[in-house]
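Undergrad: requesting a structural model of the entry that follows:
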Amino acid sequence: MAVAAERRFKHWGWGYEDQQPAPAEVRDAAAGIRSHLGFEPADVEEPAPLEAIELPPPRLSPPAELAGICSSDPHARVTHALGKGYRDLIRAFRGEIEHPPDVVARPRDEREVEAVLAWCGAAGAAAIPFGGGTSVVGGVEPRVGDGYEGAVSIDVRALDRVLEVDEVSRAARIQAGAAGPVLEEQLRPRGLTMRHFPQSFEFSTLGGWVATRAGGHFATRLTHVDDLVESVRAITPSGDWQSRRLPGSGAGPSPDRLLIGSEGILGVITEAWVRLQSRPTFRTSASVRFATFEAGAAAVRALSQSGLEPANCRLLDGREAVITGAATDDRALLVLGFESADHPLGPWMARALELCGDHGGESSGVRERREGDEGGGDAAGQWRQAFLAAPYVRDTMIAAGVFSETFETAITWDRLDSFVSEVRAAAESSLREISGAGTVTCRFTHVYPDGAAPYFTMLAPAVRGGELEQWDAVKAVASDAVIAAGGTITHHHAVGRDHRPWYDRQRPDPFARALRAAKAELDPGGILNPGVLIDPA
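TA: Here you go, the predicted structure:
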């Protein structure tokens with residue numbers, strides 16, 4: 001009987017190998033993208049084929065008892081060498097893999113996770129926890145320095161099951177390697193959802209969400225995975241870590257909070273109990289236009305402080321609205337939505353539109369949607385489609401020679417206007433100095449009663465052959481501006497290796513010492529994801 005071939009991920013971009021468009025399609029799309037952005041035509045490049053990528057020979061060989069779950073083949077090593085940030089894609093596109101893991105381990109249960117960690121400790125190898133590989137901040141790259149005998153990527157995607165569901169408490173125990181669609185498909189027959197939908201949802205995993213304090217799609221209430229975690233289990237080099245499952249506790253510093261956002265430096269997260277929601281059956285959405293971004297921001301602040309808690313409250317500046325195809329003029333666009341599994345939403349939307357109207361907002365009408373109808377005909381639907389397609393479009397931008405990078409932050413309302421202006425000006429000036437052209441757009445991804453999360457997109461002609469230097473320079477200017485203006489270096493993209501210089505400036509020094517002490521206790525050999533968050537003691 002014929003065995004179906006395993007569907008393989010692309011070795012350089014987003015998605016699977018069979019999702020890569022034909023060269024002619026890429027050329028046509030690339031020309032359209034550059035024209036839409038106002039950039040001059042440019043040649044379209046093709047990615048380096050996998051077989052042309054030269055890798056150093058593996059420095060490690062797994063012991064016999066682990067050989068069956070380990071691989072050192074080129075595809076495994078290349079696809080675990082980098083995340084999905086712009087500089088990752090550029091290097092993979094050109095076949096420049098400087099720090100491939102020597103071995104990729106795929107444990108199938110916790111005992112195999114323990115065995116892999118024990119081997120890494122005995123061999124003096126760095127151990128890099130790996131979920132969906134969607135990091136955009138260098139969080140999974142084995143860039144560990146010379147103090148290790150090699151690097152092992154620990155891919156946990158075989159741990160992908162929903163193990164228990166507590167329908168009374170609306171919670172589930174789920175393994176850390178379950179990707180978004182995988183866990184949602186297992187919850188769907190019970191009418192439940194985790195309701196956590198980051199842009200990387202298709203491939204990112206529960207363990208990755210917990211390890212990076214991931215933010216979901218929804219703009220208010222339960223915005224981060226922090227809000228959804230009841231308890232976490234992890235395997236550390238010093239033993240198992242299991243917190244008690246509780247709806248809340250005041251018993252000292254939370255053991256869960258130490259693992260949430262730990263980015264794999266303290267242990268390999270293997271499962272978590274998470275809070276669930278009933279699947280929504282009532283949905284309503286509207287698009288609201290504002291003369292200026294500032295007027296839209298004032299309306300969003302009113303909404304965030306009203307107690308209405310919209311599911312979607314995304315404010316796009318005029319330029320971003322045009323680029324994504326959600327609008328044809330330069331007015332700011334608010335994508336507004338409510339959802340419920342319990343009640344109709346007319347009064348909520350009516351009051352929200354009244355608040356928008358108080359700030360000059362003009363709505364094009366309200367749209368009711370049912371389960372499975374994701375929209376598409378209105379501005380909100382157009383923006384949503386662009387949002388979900390963005391990772392795939394970025395691959396074409398790489399081939400087209402378009403510099404495309406994002407960064408996000410958070411700031412309180414009292415400082416918002418000056419903050420956005422200063423950061424945008426600094427980033428745009430840097431782009432134009434280096435690239436000769438470029439634009440920086442802004443939208444809100446999440447809003448809170450005390451502030452918002454501005455998300456900036458930088459677009460410019462790429463400096464062909466010098467993209468990494470271009471990225472280094474622009475990233476430094478933008479990050480310096482964020483920290484100088486009082487924002488956080490990351491709202492939901494995590495720290496990784498790329499944000500370390502600014503994270504070091506943001507956190508209190510005593511906290512850094514405390515975190516370093518915790519790592520020394522849990523990971524005395526310093527093998528887990530070296531260089532992320534802190535340096536090994």
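
Undergrad: from here on, just use CA atoms for contacts and neighbour counts.
TA: Fine.

Undergrad: what comes up buried for stretch 491-506?
TA: Residues of stretch 491-506 classed as buried: 491, 492, 493, 494, 495, 496, 497, 498, 499, 500, 502, 503 (neighbour count, 16 or more other Cα atoms under 10 Å).

Undergrad: show me what it is in contact with.
TA: With Cα atoms under 8 Å, 6 or more residues apart in numbering as the test, stretch 491-506 has contacts from 135-140, 212-215, 224, 261, 263, 408-410, 453, 479-480, 483, 488-489, 531-533.

Undergrad: OK, contacts around residue 484?
TA: Contacts of residue 484 (Cα under 8 Å, 6+ apart): none.

Undergrad: please render the buried residues of stretch 491-506 as a markdown table that adds pLDDT and secondary structure to the earlier fields.
TA: Output for the buried residues of stretch 491-506, formatted as a markdown table (pLDDT from 0 to 100; DSSP: H, G, I helix; E, B strand; the rest coil):
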| residue | pLDDT | secondary structure |
| --- | --- | --- |
| 491 | 97 | coil |
| 492 | 96 | coil |
| 493 | 96 | coil |
| 494 | 97 | coil |
| 495 | 98 | coil |
| 496 | 97 | coil |
| 497 | 97 | coil |
| 498 | 97 | coil |
| 499 | 97 | coil |
| 500 | 97 | helix |
| 502 | 98 | helix |
| 503 | 98 | helix |
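
Undergrad: specify which member of those is nearest to residue 38.
TA: Closest approach to residue 38 among the buried residues of stretch 491-506 (Cα to Cα): residue 493, at 28.7 Å.

Undergrad: so what's the backbone phi/psi at that closest one?
TA: Main-chain torsions, residue 493, degrees, to the nearest 10: phi -90, psi 0.

Undergrad: cool, and residue 181?
TA: phi -60, psi -30.

Undergrad: for residue 187, see how far away it is.
TA: 10 Å (Cα to Cα, to the nearest Å).

Undergrad: repeat that for residue 128.
TA: Taking Cα to Cα, one finds residue 128 at 29 Å from residue 187.

Undergrad: the more surrounded of these two?
TA: residue 128 (31 against 19; other Cα atoms under 10 Å).

Undergrad: re the thing from before, the contacts of stretch 491-506 in strands, which ones?
TA: Taking DSSP state E as the definition of strands, the contacts of stretch 491-506 contribute 408, 453.

Undergrad: where does this protein have low pLDDT?
TA: Applying pLDDT under 70 to the chain picks out residues 1-5, 370-388, 536-537.

Undergrad: try 50
TA: 1-4 (pLDDT under 50).

Undergrad: which residue is nearest the middle of it?
TA: Residue closest to the average C-alpha location in the chain (Cα atoms, centre = their mean): residue 493, at 5.1 Å.

Undergrad: so what's residue 397 up against?
TA: Contacts of residue 397 (Cα under 8 Å, 6+ apart): 30, 33, 403, 404.

Undergrad: swap the cut-off to 10 Å and go again
TA: 26, 29-31, 33-34, 44, 391, 403-404, 459, 461-462 (Cα atoms under 10 Å, 6 or more residues apart in numbering).

Undergrad: isn't residue 454 right up against residue 410?
TA: Yes - Residue 454 is within contact range of residue 410, at 6.1 Å (criterion: Cα atoms under 10 Å).

Undergrad: between these two, what contacts are shared?
TA: Shared contacts of residue 454 and residue 410, counting by Cα under 10 Å, 6+ apart, come down to 416, 419, 444, 445, 446, 447, 487, 491.

Undergrad: which elements pack onto the helix or strand hosting the third one?
TA: Assigned by DSSP states H and E, residue 444 belongs to strand 439-448. Packed against strand 439-448, as judged by 3 or more Cα pairs under 10 Å, 6 or more residues apart in numbering; DSSP states H and E, are the following elements: helix 293-304, strand 312-316, helix 318-323, strand 332-340, strand 402-408, strand 411-412, helix 416-435, strand 451-461.
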